[in-house]
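Asker: Here is the input, now give the coordinates:
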Amino acid sequence: RGLVGSEMCIRDSRKAAALAAKRHDAPAIDWSGERMAELESSLREHAPENVLFVLPPERLDLVLHRRILMLCYQLDADWFCDFAFGYLTAADGDKVQELWRRIEQVRARGTLTGDWLQASVTVGDKTLFYPDSAPPVAKAAGFEGPHYYYKPGRPDDDELVMRSLQEMQNAEVIEITGCGDPTGIWLFDDHRNIERERHWNYDPARVGYDPDGSMPRLLPSHFRKLQLQQPILWSGTCHSGAVNRVYVEGDIVSTFGRADRATVHVMKPEESLALSWLDAGAAGMLVPLGANHGMSVSMEVDFALRNGASLGETLQSTYNDVLLAARGELELDLPVEGQPHQRGEPVMQGGGANRILIGDCLLYTSDAADERSSV
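Answerer: Below is the predicted model:
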């Protein structure tokens, strides 16, 4: 049972919502993205197991996601999520339709087995390459592939880093961990975040300001020119799921600057890592809208493959871990632009809650999908 909600006025995006509703034999509703009581009423009426929100990137931000998450476990008496949910978004309506076509191509391929490429950032003095290093649980599911460890430094000058990007074009699953911000994966020491003398006051014109090249990063431009083969992409780099509106937080102070109050930075489409991955051809992404812990990626991979779980169920497992730790009383900050930072939430709960799915809840990465296709 599913539900598709679309508040986009772009015709092509509404077509994608209609295709998703047809695929899953689900009702489609219009929702403004603001009236939570209206959404709650629809959820109680339809009692969906999965919900897909179709929306433009300027609507998908940390606050909207957290409001949905804080609603999704309150429809019954237990502590846990009452439905899985994901987002269908892209830079424009044509690209939303293209994303849905890629999702259907992955579904048509059936069981995924092939290249599983991992890329992590290391503090070592050289980039490392292990040719046969897929996670054990992925190997058991029929995957194989390399693990690259990126050293700090300019990516364009590192032959192995450039080679890893080319190899991503053959991967069915891509797994990326390390530190980062919405506009880049950091290939510099994140210790810079606590070096206050090197920070500036937030100025939208200075985001990513790096005149001396001391903060090298893998940028959206590195990924957008790739031709990915509809992979599932996991990322643990903080804020890498942001598609438009970014809250300027302390974990990205090195590249975004200091903000003494809740501050929103609005990215252009070409500045977003998430949109670059979609433009390059990703079919599903499990990524963080804000700060998170990279351990979530390993836990989600393990859950997805050991349980034959859908992508929606996989993200739901992360949320349920958070809700279990919170004993069903989740505390999340809902920043208000221009107001003082709240800083009231337990940091690990906030990190887990920040993870989102961009893609179809009922897409799978294991052969158990064949057994559960009737969900």
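
Asker: then the host helix or strand of residue 104 to CSV, C-alphas only?
Answerer: Residue 104 belongs to helix 93-109 when assigned by DSSP states H and E. Listed next in CSV are the C-alpha coordinates belonging to helix 93-109 (Å, rounded to 0.1, in the frame of the first residue of the first chain):
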residue,chain,number,x,y,z
GLY,A,93,10.4,18.7,-14.2
ASP,A,94,12.1,17.0,-17.2
LYS,A,95,14.8,15.6,-14.9
VAL,A,96,12.2,14.3,-12.4
GLN,A,97,10.7,12.3,-15.2
GLU,A,98,14.1,11.1,-16.2
LEU,A,99,14.8,10.0,-12.7
TRP,A,100,11.6,7.9,-12.7
ARG,A,101,12.6,6.3,-16.0
ARG,A,102,16.0,5.3,-14.4
ILE,A,103,14.2,3.8,-11.4
GLU,A,104,12.1,1.7,-13.8
GLN,A,105,15.2,0.6,-15.7
VAL,A,106,16.8,-0.6,-12.4
ARG,A,107,13.6,-2.4,-11.5
ALA,A,108,13.5,-4.1,-15.0
ARG,A,109,17.1,-5.3,-14.6
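
Asker: Mind listing the strands whatever helix or strand comes next after that helix pairs with, and their directions?
Answerer: Proceeding N to C from helix 93-109, the next assigned helix or strand is strand 116-121, under DSSP H and E. The pairing partners recorded for strand 116-121 under DSSP bridges are strand 147-150 (parallel), strand 173-177 (parallel).

Asker: What mean pLDDT does the helix holding residue 104 get?
Answerer: Average pLDDT, helix 93-109: 94.

Asker: I figured residue 27 hits residue 43, correct?
Answerer: No - shown here, residue 27 and residue 43 do not form a contact pair, counting by CB atoms under 8 Å, at 11.4 Å. Any C-beta I mention is one placed from the backbone N, CA and C, and that applies to glycine too.

Asker: Which one of the two is surrounded by more residues?
Answerer: More crowded of residue 27 and residue 43, by other CB atoms under 10 Å: residue 43, with 22 against 15.

Asker: Which strand or helix spans that one?
Answerer: Following DSSP H and E, one finds residue 43 within helix 36-46.

Asker: And that helix, what does it pack against?
Answerer: Applying 3 or more CB pairs under 8 Å, 6 or more residues apart in numbering; DSSP states H and E, we find helix 36-46 packed against strand 2-6, helix 62-72.

Asker: Would you mark the buried spots in it?
Answerer: Buried residues in helix 36-46, counted by 16 or more other CB atoms under 10 Å: 39, 42-43, 46.

Asker: nearest to residue 340, of these?
Answerer: Relative to residue 340, the closest of the buried residues of helix 36-46 is residue 39; by CB to CB it sits at 28.3 Å.

Asker: Check the closest one and give its pLDDT.
Answerer: Residue-level pLDDT assigned to residue 39 equals 94.

Asker: which residue sits closest to it, ignoring its sequence neighbours?
Answerer: Nearest non-adjacent residue to residue 39, counting by CB to CB, 6 or more residues apart in numbering: residue 31, 5.5 Å away.

Asker: swap in residue 43?
Answerer: Spatially, and ignoring its direct neighbours in sequence, residue 43 is nearest to residue 75 (6.1 Å; CB to CB, 6+ apart).

Asker: In terms of helices and strands, where is that neighbour?
Answerer: Assessed by DSSP H and E, residue 75 sits outside every helix and strand.

Asker: in the stretch 1-150 of the chain, what spans have low per-residue confidence?
Answerer: In the predicted model of the stretch 1-150 of the chain, residues 1-11 satisfy pLDDT under 70.

Asker: Tell me the bridge partners for residue 176.
Answerer: If you apply DSSP bridges, the partners that residue 176 bridges to are residue 119, residue 235.

Asker: Would you map the helices across the stretch 251-375 of the chain?
Answerer: Along the stretch 251-375 of the chain, the stretches classed as helices by DSSP state H, counting those that start in this stretch are 253-256, 273-280, 295-307, 311-325, 347-353.

Asker: so how far is the second one from its chain's centroid?
Answerer: The chain centre lies 11 Å from the centre of helix 273-280; the measure is CA atoms, centre = their mean, to the nearest Å.

Asker: show me what contacts residue 282?
Answerer: 102, 174, 228, 230-233 (CB atoms under 8 Å, 6 or more residues apart in numbering).

Asker: burial count for the closest residue to residue 352 other than its chain neighbours?
Answerer: Spatial nearest neighbour of residue 352, chain neighbours left out: residue 322 (4.0 Å); criterion: CB to CB, 6+ apart. Counted with other CB under 10 Å, the neighbours of residue 322 add up to 24.

Asker: Isn't residue 322 up against residue 354?
Answerer: No - applying CB under 8 Å as the test, residue 322 and residue 354 come out as separate, 9.8 Å apart.

Asker: returning to what we had before: give me the contacts around the helix holding residue 104.
Answerer: Taking CB under 8 Å, 6+ apart as the rule, helix 93-109 contacts 8, 10-16, 19-20, 23, 54, 88-90, 112, 230, 232, 278-279, 281-284, 359-360, 363.

Asker: if you set the cut-off to 6 Å instead, what comes out?
Answerer: 10, 12-13, 15-16, 19, 90, 230, 283, 360 (CB atoms under 6 Å, 6 or more residues apart in numbering).

Asker: ok, and for it, which residues are buried?
Answerer: Neighbour count says helix 93-109 has 93, 95-100, 102-104, 106-107 buried, by 16+ other CB under 10 Å.

Asker: one step back: tabulate the contacts of helix 93-109 (TSV), appending neighbour count.
Answerer: Shown next, in TSV, are the contacts of helix 93-109 (neighbours: other CB atoms under 10 Å):
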residue	neighbour count
10	16
12	15
13	25
15	16
16	28
19	17
90	24
230	19
283	26
360	27
